[in-house]
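Chemist: coordinates only, sequence not included:
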């Protein structure tokens with residue numbers, strides 16, 4: 001009996017070495033060598049003036065850290081471009097008849113993705129995320145933290161759509 005258990009353990013350990021893991025499930029055309037992320041524009045009236053730059057940098061950082069593609073200024077084999085289309089603050093939880101308990105900052109970013117090797121992967125879609133905060137706080141006091149979180153979430157959504165086709 002001990003011999004059977006020993007053989008089973010040995011086979012299990014040896015077979016684990018043969019497992020190959022992909023690059024976080026990322027699906028990139030093998031012929032693609034470069035990617036470009038154009039500076040996103042701010043088309044939303046209320047948006048923080050630096051929001052477009054912050055989102056652009058977040059998306060650039062994500063594609064640089066999670067792919068082996070060279071980041072180029074323009075005309076990459078894979079390309080991202082777009083603009084902030086909406087930036088709004090709305091009450092979401094009413095505390096009394098005249099006061100909100102929570103406010104919500106919502107950011108919508110329109111993203112166009114082009115894959116020069118497979119046009120079926122192209123998209124031109126809005127991505128939206130929000131951040132809720134106590135109405136006792138001002139937008140100025142939470143905006144940096146809120147935008148960091150919103151930008152991270154939208155960049156992840158864009159990345160997943162482009163490279164994992166969700």
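Modeler: Done, it's in. Everything numeric in this text was worked out from a predicted model, so none of it was measured. Numbers count the residues shown, from 1 in each chain.
Chemist: lowest-confidence helix or strand of the protein?
Modeler: Ranked by mean pLDDT, DSSP states H and E, the weakest helix or strand in the chain is helix 2-16, scoring a mean of 41.
Chemist: and after that helix, which helix or strand comes next?
Modeler: As assigned by DSSP states H and E, the chain's next helix or strand after helix 2-16 is strand 34-37.
Chemist: so how far is residue 141 from the nearest residue to residue 61 once chain neighbours are set aside?
Modeler: Of all residues not flanking residue 61 in the chain, residue 155 sits nearest, at 8.0 Å (CB to CB, 6 or more residues apart in numbering). No exception for glycine: its C-beta is placed from N, CA and C like everyone else's. Distance of residue 155 to residue 141, given as CB to CB, to the nearest Å: 24 Å.
Chemist: out of those two, which sits in the more crowded spot?
Modeler: Using other CB atoms under 10 Å as the criterion, residue 155 and residue 141 rank with residue 155 on top: 25 against 12.
Chemist: Looks like the more buried one contacts residue 59 (just checking).
Modeler: Yes - counting by CB atoms under 8 Å, residue 155 does reach residue 59; the two are 4.7 Å apart.
Chemist: hang on, residue 54 is in a strand, isn't it?
Modeler: No - counting by DSSP: H, G, I helix; E, B strand; the rest coil, one finds residue 54 to be helix, located in no strand.
Chemist: can you give me the mean pLDDT across the helix or strand hosting residue 101?
Modeler: Per DSSP H and E, residue 101 falls inside strand 99-115. Average pLDDT, strand 99-115: 94.
Chemist: partner strands of that strand, parallel or antiparallel?
Modeler: Each strand paired with strand 99-115, and its direction, by DSSP bridges: strand 78-96 (antiparallel), strand 123-134 (antiparallel).
Chemist: So for that strand, what gets flagged as buried?
Modeler: For strand 99-115, burial by neighbour count (16 or more other CB atoms under 10 Å) applies to 100, 103-111, 113-115.
Chemist: how far out from the middle of the chain is that strand?
Modeler: Between the centre of strand 99-115 and the centre of its chain there are 12 Å (CA atoms, centre = their mean, to the nearest Å).
Chemist: Show me what counts as buried in the helix or strand where the residue nearest to residue 61 lies.
Modeler: If you go by DSSP H and E, residue 155 is part of helix 139-163. Within helix 139-163, the residues scored as buried using 16+ other CB under 10 Å are 142-143, 146-147, 150-151, 153-159, 161-163.
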